[in-house]
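**Q** I would like the atomic coordinates for the input below:
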Amino acid sequence: MKPITCIILVIILLSSCGEVELTTIELKQKFGAFLNDSIKTLPIDYSASPISKTIQHNLDQYTYLTEVKSEKLAFLSDGKFLTGAIVQPKETGNYPCIIVNHDINDSLNKINIASTVNMLAPLAAKGFVVVAYNQAGTGGSEGKFEITQHTKDLSKLIGYMKNYPTVKSSQIGLLGINSGSYINYLSLQKNKDLVQAAINITGLSSTSIDVNSVHNFYQKHLADENNDIGLQTTSFHNTPILNMSSNNIEEYQVNTKNFYEQNKRAQIDISSEHKLIKNRILFSSNNSEVIDLIQYWFTNHLFTKPNIAQMP
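**A** Numbers count the residues shown, from 1 in each chain. Next up, the predicted model:
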């Protein structure tokens, strides 16, 4: 069966309708009780989201959906119910895992069907298990956002993915987007033995709403010179980190100066590269340059000895 035909069949399973966001109580009922420390999943129906119309009108851009299995995800962290999504190749096997730290501290930035289709699925089609979760207070996740607890929640997820049946436990990477890059550094300090590589996509975002969110986040957490988030530590200096930013970053009103200064200080002994991207929107399914870089970095550092000279 041709890929486009498969996509059409996926879309017409149910009539297209607006994506209905369930409450935390409704989600907990759907996932059921957690008998032990584990991740629970439910199938995702693309047709239950406005993204289905976009797919219908751009079938050639979404052929990767035929290669992956997308599911809603839930897990417990300190008794707190958290939601997200997991996307992995349909072909049976064990794969390296990418955990996405998406832009945080904004209720509009959540993992839903659209972000799963556009952000997680393209990477999964490249041969990765890709997972992301909603911070406390968004997308059905319980609790209130607090950066220290958020980092603990991520550490919990890293531990779960290490033991996930389709994940190669020694091949886990972190992908931080905008303010999620900050969480990458905090997480690397706590999980240096579990995370083998990281990518930071910083200082950019795709909408004016996101830009304001990132600007406020950096000002709140990074403007104070004394708030260096422990980047002087050597605990993650052996972790290969790729930093990506736009070459037209000046048109964005995002204050990243302090972030980059700390980043530079921390990288004295870090295996690190910095890549400028010629695009306003860095991370999306149609930005093949960024997708290729992500695939290259994680394939190179999770599978084999790095060869920076061959970077796309």
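**Q** tell me the contacts of K110?
**A** With contact set as Cβ atoms under 8 Å, 6 or more residues apart in numbering, K110 has these partners: N134, T138, G139. Backbone N, C-alpha and C define where each C-beta goes, glycine included.
**Q** Under the pLDDT cut-off, which ranges of the protein? List them.
**A** For the chain, applying pLDDT under 70 flags the ranges 1-20, 37, 104-109, 202-238, 245-287, 304-312.
**Q** for it, what spans make up the strands?
**A** Here the chain has its strands, by DSSP state E, at 39-43, 68-77, 80-89, 95-101, 129-133, 167-177, 197-201, 241-246, 272-277.
**Q** So which of those is nearest K152?
**A** Minimum separation from K152 across the strands of the chain (Cβ to Cβ) falls at strand 68-77, 6.7 Å.
**Q** The closest one - contacts with which helices or strands?
**A** helix 24-31, strand 39-43, strand 80-89, helix 121-124, strand 129-133, helix 147-162 (3 or more Cβ pairs under 8 Å, 6 or more residues apart in numbering; DSSP states H and E).
**Q** Just send those back as CSV, with distance to T63 and mean neighbour count too.
**A** Output for those, formatted as CSV (distance: least, Cβ to Cβ, whole Å; neighbours: other Cβ atoms under 10 Å):
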stretch, distance to T63, mean neighbour count
helix 24-31, 30, 15
strand 39-43, 20, 15
strand 80-89, 14, 23
helix 121-124, 11, 25
strand 129-133, 17, 27
helix 147-162, 27, 19
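**Q** Now the ones you listed in TSV, please, with extra columns for distance to L65.
**A** Below are these laid out as TSV (distance: least, Cβ to Cβ, whole Å):
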stretch	distance to L65
helix 24-31	23
strand 39-43	13
strand 80-89	10
helix 121-124	6
strand 129-133	13
helix 147-162	22
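**Q** Which one of these lies nearest to I199?
**A** Among the helices and strands packed on strand 68-77, the nearest to I199 by Cβ to Cβ is helix 121-124 (10.7 Å).
**Q** can I assume Q171 is in contact with F303?
**A** Yes - with contacts counted by Cβ atoms under 8 Å, Q171 reaches F303, the gap being 7.1 Å.
**Q** Neighbour count: these two, which is higher?
**A** Neighbours were counted for Q171 and for F303 using other Cβ atoms under 10 Å; Q171 has more, 21 against 12.
**Q** neighbours around the residue nearest to the more buried one when sequence neighbours are not counted, how many?
**A** Counting by Cβ to Cβ, 6 or more residues apart in numbering, Q171 lies nearest to P96, which is 3.6 Å off, once chain neighbours are set aside. By other Cβ under 10 Å, the residues close to P96 number 22.
**Q** ok, now which ones touch P96?
**A** Residues near P96 by Cβ under 8 Å, 6+ apart: G127, F128, V129, V167, K168, Q171, I172, G173, F298, T299, L302, F303.
**Q** Name the residues linked to P89 by a beta bridge.
**A** For P89, the residues forming beta bridges with it (DSSP bridges) are V68.
**Q** before we move on, back to that, ok, which of the helices and strands packed on strand 68-77 comes nearest S52?
**A** Nearest to S52 among the helices and strands packed on strand 68-77 is helix 121-124 (13.8 Å), distances taken as Cβ to Cβ.
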